[in-house]
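K.L.:
sequence plus the predicted model coming up.
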Amino acid sequence: MSDYILSCKGINKSFGGVHALQNVDLHVKRGEVHCLAGENGCGKSTIIKAISGFQPQDSGTIEFDGKVYTSLNPALSIDLGIQVIYQDLSVFPNLTVQENLAINTVLSNKEKIYSRKKQREIARKVMQTLDLDLDLDARVEQLPVASKQLIAIARAIYAKAQFLILDEPTTALTRKEVDRLFEIIRGLKEQGLTVLFVSHKLDEMYDISDSITIMRSGENVYSGPMATLTEDEFTHYMTGRDFDNVNDKHAEDRIQKQAVPAMELVNLSGPGFAHVSFKVQPGEILGITGQLGSGRSELCNTLFGIEKASSGQILRDGKAVKIRSVQDATMNGIALVPEDRLTEGLFLPVSIMENITVVNFDQFKKGLLLDRKAQEGNSGEWVQQIHVKTDDHLLPVQTLSGGNQQKVVLAKWLSTSPKVLILNGPTVGVDIGAKYDIYQLLRDLASTGVAVLVASDDLAEVVRLCDRTIVMRGGLMSGEIAGRDLTAERLTEAIM
Amino acid sequence: MSKKIKRLLGKNELYVAIIILVLAITIHMQSGLFFLPNNLVDLLRSIIVNSIYALCALLAFVSTGADVSFPMIAGMSTYIIFKLGETTGLPAFVLVLIALAIGAVCGCINGFFIVKFRFNSLIVTLSTSTICYGIAFGALKGVRIDVPAQFADFANWNILKVAKTEKALGASLHGAFLVMVILYLLVYLVLNHTMVGRAVYAIGGDEVSARRAGFKVDQIRFGIFVVNGLLAVIGGLCYACMCKNCSPMEYYGGEMIVIAAIVLGGVRLTGGHGSLTGCILGTFLLAMVQNSLTMVGISVYYQNVFIGIIIILGASVAAIQATRSMKIKSVVDKEGGE
């Protein structure tokens, strides 16, 4: 028996003349956690679809457990013990935990009659695989993402998975939940399972993976053990670019220390947070960090008038202001880039141009109508300025990748020329290349005298981007870290 | 135990039941006429047809989306077989089979376009409905015709009679009530005790997941619309036999009150949610409002105002619950941040 459980050799796949995969090799050792990394559109999901049999490759072979296949189909691949946990988890939100746990098993047994009692037994057994303790009668839509994921994993393992593919499993999880997931993955590894872990978060890969394959534009650009890969090499392989020029972090002169604070909170309380006080200077990038549920999102929303403060004061340029609505906030030069850009920040089927100009419709009024030429001109400038990768800014936003969508949200708010820009999770689900672009953009913006507030639970991001950060825990400000003390270790300590 | 109560409180069905009870007591206190045998029998009689239609709407909404074709499929097929019955004298069971066949064909057309071309079900069923309307009136001159002799037995079949008293009129429960009960039992068994039934919910919950899990999504969807065609025909036949005549015009627009009723009963327009209890309760509530408001001296013309208000109230309970469960709440620690 060979060391490798999976060996893909020379895989090619094209869609209408576009090469999604070119001669890709992927070798995964038995019993290891192998990371598959790459930016959006690099072909990660295409190769997963080939392995899971949902979309067979055009040419090349897949060797699994010693047998060579020229193409797989879903049923065969499941028989071989290959299980994929998709990013959307494939759970049924409207059904109970019990049904979600058992439905695959019942289906593959080809049963016609549905028995609640039998199903309960199966569900119990499925839960045992991961020592879960969930309320079997709860509806899955009411559970947090982490629990849904555990359901999907437990289901896969119960279906005799030997080879588990996790497609970006940590995107919607908090730090604690990620730790729990990793514990489970390590447990599975000890039981002899092989895990292919798809991700683009570097710290997580170091944490969990034994070896790594990096893909770029449909090609395999690096394969090797995880431990010997440095961060710079990783970024280089991922993006094909080098990013040495973004280290202006301690540019002290950018922060206008002598000026009146751009924003100051005095003992501010609101829904989900209390007694928060801090100042932020023009030109400063201030982090607000804390776990999910620590009150950081609520604080951002309150500063932007989505929620109302119950007591305390907000000062803008030294003057007390009342922010009761989004209009109040915009009038005071405050802008918010929301956490969930898909539901809160963008109109997906609408063009990039309209998304960028929507907050500024007043500027483009021509009598009762909108001046479309001016709108297009304005949007065109922004698209160039912040490097949105698109051929035409009249295309719908949904044609863009995650990172570029986020840039559009940024452009939309930057076009209002805010004095205080609040960003909640600015790079969630964004590629590493686009991430650096966004960091650079925010630094440039800060050096024009804008105060930037970044709420994030991505500690690496806070360390890399912020001059100073406040830490929230249980709705209260539990600390402030600045300058050389601002390291990932200190932050981890502070937020826990 | 408290979990069970909490789950119950999250259900629309409970609120509809409470509204029904409160309304019933109010009407009775005002008029003294609600809890009388004849009124209750009348009410049961009046929910028969709409609750059969409600099955069509439930199956469609839970799995796919709107189906608005059932009243006109019912109207057209009933009209056709009544005419046939009159002119040819074919026996009743043959006529019923013909009607069912027509319903099934209409259902196949719905299902074919929805599954094969992934058209929106509202648009497809709206078109089928319009075509049926056109056939009934254009090709067949849809006038009012009496129930043919073959159906006379069924039309006159009452399973329960309440005699006339001093205070109230007599009433009778038509045999179609049994048809309704049987259909509900059948649908209940299928939805809750077969894998096909669970598939209906699974598809409505997440179509892609259902495909990945190995459900035959397209076949099941197609099947649902065929079944809807059959159910519609049965409902339509019951209606005509209870009225002892058939006029396609009376079927026109019947879908609105049915959809309103099932939404009240907790069926979500976005799919995946809905129960038979909800269907019955919603239908019952609306029937009650229509039947009983006159008892408390509210003019027939204002009934629609009340129906509208009840629908908005019912729908908002569901909406409020949905938004509530979406929110992630941060809570300030009482002890402080240490």
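P.N.:
Nice, thanks for sending it over.
K.L.:
near chain A, which residues of the stretch 151-300 of chain B?
P.N.:
Proximity of the stretch 151-300 of chain B to chain A is confined to B:192-198, B:201-202, B:204-206, B:208-210, B:212-215, B:271-273 under the rule Cβ under 8 Å from any Cβ of the partner chain. Backbone N, C-alpha and C define where each C-beta goes, glycine included.
K.L.:
okay, now the unreliable bits of the chain?
P.N.:
Reading this off chain A. Along chain A, the parts satisfying pLDDT under 70 run over A:1-2, A:41, A:242-252, A:340-344, A:429, A:496.
K.L.:
wrong one, chain B
P.N.:
Ranges of chain B meeting pLDDT under 70: B:1-2, B:167-168, B:318, B:321-338.
K.L.:
ok, the nearest residue to A:Gly318 once chain neighbours are set aside to A:Asp317 distance?
P.N.:
Nearest residue to A:Gly318, sequence neighbours excluded (Cβ to Cβ, 6 or more residues apart in numbering or on different chains): A:Val260, at 4.2 Å. Per Cβ to Cβ, to the nearest Å, A:Val260 is found 5 Å from A:Asp317.
K.L.:
confirm the residue nearest to A:Gly318 sits in a strand?
P.N.:
No - under DSSP: H, G, I helix; E, B strand; the rest coil, A:Val260 falls outside any strand and is assigned coil.
K.L.:
A:Met215 falls within a strand, correct?
P.N.:
Yes - per three-state DSSP, A:Met215 lies within a strand segment.
K.L.:
so it sits against A:Val221, correct?
P.N.:
Yes - A:Met215 lies in contact with A:Val221 (Cβ atoms under 8 Å); the separation is 6.6 Å.
K.L.:
those two: which has the busier surroundings?
P.N.:
Ranked by neighbour count (other Cβ atoms under 10 Å in any protein chain shown), A:Met215 and A:Val221 place A:Met215 first, with 24 against 16.
K.L.:
who does the more buried one bridge with?
P.N.:
Per DSSP bridges, the residues bridged to A:Met215 are A:Asn220.
K.L.:
enumerate every residue touching it.
P.N.:
A:Met215 sits next to A:Val24, A:Leu36, A:Ala37, A:Gly38, A:Cys42, A:Gly43, A:Lys44, A:Ile47, A:Val221 when contact means Cβ atoms under 8 Å, 6 or more residues apart in numbering or on different chains.
K.L.:
sitting in strands, which of those do you find?
P.N.:
A:Val24, A:Leu36, A:Ala37, A:Val221 (DSSP state E).
K.L.:
quick check on these: which are buried?
P.N.:
By neighbour count, with 16 or more other Cβ atoms under 10 Å in any protein chain shown, the ones in strands among the contacts of A:Met215 hold A:Val24, A:Leu36, A:Ala37, A:Val221 as buried.
K.L.:
among those, which two are most distant?
P.N.:
Spatially, the most separated pair among these is A:Val24 and A:Ala37, at 13.5 Å (Cβ to Cβ).
K.L.:
excluding covalently adjacent residues, which one is nearest to residue 239?
P.N.:
You didn't pick a chain, so chain A it is. For A:Thr239, the closest residue by Cβ to Cβ, 6+ apart turns out to be A:Gly433, at 4.1 Å.
K.L.:
my bad, chain B
P.N.:
B:Val49 (4.4 Å).
K.L.:
so which bits of the helix or strand hosting the one you found are buried?
P.N.:
Here B:Val49 sits within helix B:37-63, counting by DSSP states H and E. In terms of neighbour count (16+ other Cβ under 10 Å), helix B:37-63 has its buried residues at B:38-39, B:41-63.
K.L.:
helix B:37-63 and the next helix or strand after that helix, what's the angle between them?
P.N.:
The element immediately downstream of helix B:37-63 (helix or strand, assigned by DSSP H and E) is helix B:70-88. Between the axes of helix B:70-88 and helix B:37-63, defined by axes from the mean of the first three to the mean of the last three Cα atoms, to 10 degrees, the angle is 110 degrees.
K.L.:
gap between helix B:70-88 and the chain center?
P.N.:
Chain-centre distance of helix B:70-88: 20 Å, with Cα atoms, centre = their mean, to the nearest Å.
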